[in-house]
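Visitor: can't give you the sequence, but here's the structure:
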């Protein structure tokens, strides 16, 4: 009521004021001077708050979360001193654990306080949806950035010359380093030039025009033979059509007529292809560009296409461990010599191999050459004990946590001692006199150790040693 009709707001009936304010509020609370809620009104069912049926008779500060108590106390102090208070957002806890945000303003009517609340759940829901949409956009943005990074990396490291051409204007939109090398111009100068570039004869021009027309019409142009102006040998070109945004682009692939653009064909390559040792050519990051038949046999693969572009670490050494070490050694020393490791086949076969390598980081086509030699048969000629020792130690290692350290050390000592005794006996042709000399122990001490390790029954009596020595 206004002051014009002579009535003071304190003369209004609090219940009547509550009814009046309920018409403009979603949640309305009538609060006693001591801060206790005496009456609650909910404007519509969609604004109902779970657990609000217990609010009446409780202090208002207990109806909000701990974080909101300072706000509700400040609101009550302000309305007591000024007669009204500005809106503040507080959260009401519910039995399900969900907090319900309500924006309250306050008005003092007589001795009592009326809290008029606006349900902020729809706004909070919109804010949450906005945050989720922003996060989704952020994830999509970074996913696209990562895809673009991988595309640029593959595009630039490819050994084949690739051009991206606008299908309408035939101007080069993008080109990789291999294209710049093939056409004898920096990549920056190729971008913006009109394709096709000058060719040596009319037949090549007709073939190119036909390839482009077919790619525009069907999405793919078959490979054609072209002799570039100033070129010494023909190249093979093919085209694929794709759309990006509102533009139609052509992906032009250019490779030498004899070869794939990854490894140049030569008589030497035929010798490498049939070499008994595995030969692998990779880029400077260890991704395979060429592998001969011996490597495919070692890794149980059917064709070179299965390894091209993959990391050499997929088949050599410990995954993600050995090949990075090899690359680091090559960068530091320029060569790798006779490093023992293992080769893994796709069907579970493992082979002991020695790896050597060298790299050529400079020039137009930097690469690394790895040589792998299967030494499994060579290792089979070693002492029996040597072949068993590693396996036995691995078995003992599996007992860690189940057996005490004292027992593990004792068993390992016995294992190593037995191994060296067997190796000495094998080296001396089972002559225990010579074996004792090799080991640096007396014959009597050797006999004791043979009995302890239950090896005595495997060899002749001590007299046999004397006979053998004679």
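Guide: Okay, I see it. These numbers come from a predicted model, not from an experiment.

Visitor: use CA for all of it now, contacts and neighbours both
Guide: Noted.

Visitor: State the number of residues packed around residue 323.
Guide: Residues lying near residue 323 (other Cα atoms under 10 Å) number 20.

Visitor: Would you verify that it is located in a helix?
Guide: Yes. Looking at residue 323 with DSSP: H, G, I helix; E, B strand; the rest coil, it is inside a helix.

Visitor: How about it: what's its closest non-neighbour residue?
Guide: Nearest residue to residue 323, sequence neighbours excluded (Cα to Cα, 6 or more residues apart in numbering): residue 313, at 5.4 Å.

Visitor: Now do the one you found against residue 410, distance only.
Guide: Residue 313 sits 38 Å away from residue 410, going by Cα to Cα, to the nearest Å.

Visitor: give me the element residue 49 is part of.
Guide: Assignment of secondary structure by DSSP states H and E places residue 49 within no helix or strand.

Visitor: Downstream of the helix or strand that contains residue 410, the next helix or strand is which one?
Guide: Secondary-structure assignment from DSSP H and E places residue 410 in helix 405-427. As assigned by DSSP H and E, the chain's next helix or strand after helix 405-427 is helix 432-439.

Visitor: What angle do helix 405-427 and the helix or strand that that next one is followed by make with each other?
Guide: Moving toward the C-terminus from helix 432-439, the next helix or strand (DSSP H and E) is helix 443-452. Interaxial angle of helix 443-452 relative to helix 405-427 (axes from the mean of the first three to the mean of the last three Cα atoms, to 10 degrees): 120 degrees.

Visitor: So which elements touch helix 443-452?
Guide: helix 432-439 (3 or more Cα pairs under 8 Å, 6 or more residues apart in numbering; DSSP states H and E).

Visitor: Now do the buried residues in the helix it packs on.
Guide: Going by neighbour count (16 or more other Cα atoms under 10 Å), the buried part of helix 432-439 is 432-436.

Visitor: still on that earlier bit, who has more neighbours out of residue 313 and residue 410?
Guide: When neighbours are counted by other Cα under 10 Å, residue 313 and residue 410 differ, and residue 313 comes out ahead with 19 against 10.

Visitor: And the more buried one, how far from residue 325?
Guide: 10 Å.

Visitor: Also residue 246?
Guide: For residue 246, the distance to residue 325 - Cα to Cα - is 46 Å.

Visitor: Name the nearest residue to residue 293, ignoring sequence neighbours.
Guide: residue 273 (5.9 Å).

Visitor: number of nearby residues for the one you found?
Guide: Residue 273 has 17 neighbours, counted by other Cα under 10 Å.

Visitor: Please apply the same query to residue 251.
Guide: 22.

Visitor: That one and residue 167 touch, don't they?
Guide: No. Counting by Cα atoms under 8 Å, residue 251 sits too far from residue 167 to count as a contact (9.4 Å).

Visitor: Listing request: residues of the stretch 201-350 of the chain with sub-threshold pLDDT.
Guide: Confidence mapping of the stretch 201-350 of the chain against pLDDT under 70 gives the ranges 230-232, 257-270, 305, 319-321.

Visitor: ok, of the buried residues of helix 432-439, which one's closest to residue 301?
Guide: Nearest to residue 301 among the buried residues of helix 432-439 is residue 435, at 46.6 Å by Cα to Cα.

Visitor: Quick check, that closest one in contact with residue 424.
Guide: Yes. Using Cα under 8 Å, residue 435 is in contact with residue 424, at 5.2 Å.

Visitor: how's this protein carved up into domains?
Guide: Annotated domains of the chain cover 3-119, 158-256, 267-380, 384-469 [automatic domain parsing].

Visitor: Select, out of the ones you listed, the one closest to residue 151.
Guide: If we rank these by Cα to Cα, the stretch that ends up nearest is domain 158-256, at 10.5 Å.

Visitor: mind checking how far the closest one is from the chain centre?
Guide: In terms of Cα atoms, centre = their mean, to the nearest Å, the centre of domain 158-256 is found 34 Å from the chain centre.

Visitor: how long is it end to end?
Guide: 14 Å.

Visitor: can you check stretch 160-170 too?
Guide: Start-to-end, stretch 160-170 (Cα to Cα) is 20 Å.

Visitor: center of the protein - which residue?
Guide: In the chain, the residue lying closest to the centroid (Cα atoms, centre = their mean) is residue 146, at 10.9 Å.
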